[in-house]
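**Student:** This is the structure alone, sequence omitted:
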């Protein structure tokens with residue numbers, strides 16, 4: 001695949017106007033929430049009506065550049081999310097698909113009020129019937145092996161638990177609102193195909209381009225801050241060892257894998273299905289396998305899987 005990854009420095013609205021009509025398969029973006037966050041060259045501190053005007057303008061351009069079968073994911077804080085929903089559905093005619101809650105265990109601490117522990121992500125489709133959704137690419141492992149279950153996995157649902165990008169994370173960049181790569185991985189795998197073009201008008205630390213790079217998509221990112229553009233370009237040059245975060249369910253091994261043939265077939269498929277972009281998680285998964293099924297695998301001469309990955313037993 002002749003892959004194209006482009007990081008553009010410029011104003012989101014002006015750069016969006018330069019993109020050809022109906023040329024983008026998917027938009028995934030984390031725009032400013034207008035919470036007075038300092039982004040180096042800019043601060044998101046517009047007046048209420050000015051912020052809604054800005055949102056209306058860039059979303060209008062987003063609709064124009066999306067293909068008829070395209071989709072858009074928009075991160076948004078609670079103060080404005082209902083307005084963004086209204087713009088997308090009532091004003092621009094998008095079709096609502098899902099309201100996703102990203103739950104995390106650590107965040108801002110408050111002493112007068114409840115501390116926030118989630119962000120919201122709106123998924124809208126441009127066409128109500130014709131749009132991409134690759135469920136098999138984003139399934140999560142089942143808790144139990146049952147012949148009636150789809151062992152390719154279950155739908156992950158609309159509540160996603162991923163850790164914040166803590167400052168101790170090996171991939172943490174100098175950006176105040178960096179998002180985990182696994183969030184973008186799930187959205188991009190679900191709503192685009194290999195070779196498609198994915199756009200982020202507010203690129204920030206470059207997460208979208210990094211995920212596109214390793215999922216065989218073309219990517220376009222726009223940011224007004226030249227330092228963030230350079231950060232994103234350098235990030236693309238880093239060696240890929242697996243995405244910097246993961247849904248913890250991806251590493252669980254189902255209970256009741258008692259049939260030797262089914263067990264080995266499942267273990268090998270699990271690595272291929274769920275850990276394809278998470279090589280650094282394979283070892284932990286196999287330790288879980290060893291803890292749960294070691295005696296049975298010993299009896300059936302199946303310990304070779306541990307040898308393949310240098311897991312001592």
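**Tutor:** It's in. From a predicted model like this one, the values you see are computed outputs, not experimental measurements.
**Student:** buried ones in stretch 300-307?
**Tutor:** Judged by neighbour count (16 or more other Cβ atoms under 10 Å), stretch 300-307 contains these buried residues: 302, 305, 306. C-betas here are computed from N, CA, C, even on glycine.
**Student:** what does it rub up against?
**Tutor:** Contact partners of stretch 300-307, identified using Cβ atoms under 8 Å, 6 or more residues apart in numbering, comprise 260, 263, 264, 267, 268, 286, 289, 290, 297, 312, 313.
**Student:** Could you give me the ChimeraX syntax to select whichever of the residues you listed are buried?
**Tutor:** The ChimeraX command for the buried members of the contacts of stretch 300-307 (criterion: 16+ other Cβ under 10 Å) is given here:
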select :263,264,267,286,289,290,297
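**Student:** Return the member of the contacts of stretch 300-307 nearest to residue 238.
**Tutor:** Ranked by distance to residue 238 (Cβ to Cβ), the contacts of stretch 300-307 are led by residue 286 at 25.9 Å.
**Student:** and that closest one, that's in a helix?
**Tutor:** Yes - membership of residue 286 in a helix is supported by DSSP: H, G, I helix; E, B strand; the rest coil.
**Student:** ok, the residue lying closest to it once chain neighbours are set aside - how many residues close by?
**Tutor:** Distances taken as Cβ to Cβ, 6 or more residues apart in numbering put residue 311 closest to residue 286, at 4.9 Å, once the chain neighbours are dropped. Around residue 311 there are 16 other residues, counting by other Cβ atoms under 10 Å.
**Student:** can you check residue 294 too?
**Tutor:** 14.
**Student:** who does the helix or strand harbouring it touch, helix- and strand-wise?
**Tutor:** Under DSSP states H and E, the secondary-structure element containing residue 294 is helix 282-299. Other helices and strands packing on helix 282-299, by 3 or more Cβ pairs under 8 Å, 6 or more residues apart in numbering; DSSP states H and E, are helix 260-274, helix 304-308.
**Student:** could you say what helices and strands the first one packs with?
**Tutor:** Contacting helix 260-274 under the criterion 3+ Cβ pairs under 8 Å, 6+ apart are the following elements: helix 282-299, helix 304-308.
**Student:** Any chance of the ones you listed in CSV with mean pLDDT as columns?
**Tutor:** Converted to CSV, the helices and strands packed on helix 260-274 look like this (pLDDT from 0 to 100):
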stretch, mean pLDDT
helix 282-299, 95
helix 304-308, 93
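**Student:** Just put these in a markdown table and tack on distance to residue 231.
**Tutor:** Formatted as a markdown table, these follow (distance: least, Cβ to Cβ, whole Å):
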| stretch | distance to residue 231 |
| --- | --- |
| helix 282-299 | 29 |
| helix 304-308 | 37 |
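**Student:** Kind regards, and thank you for your time.
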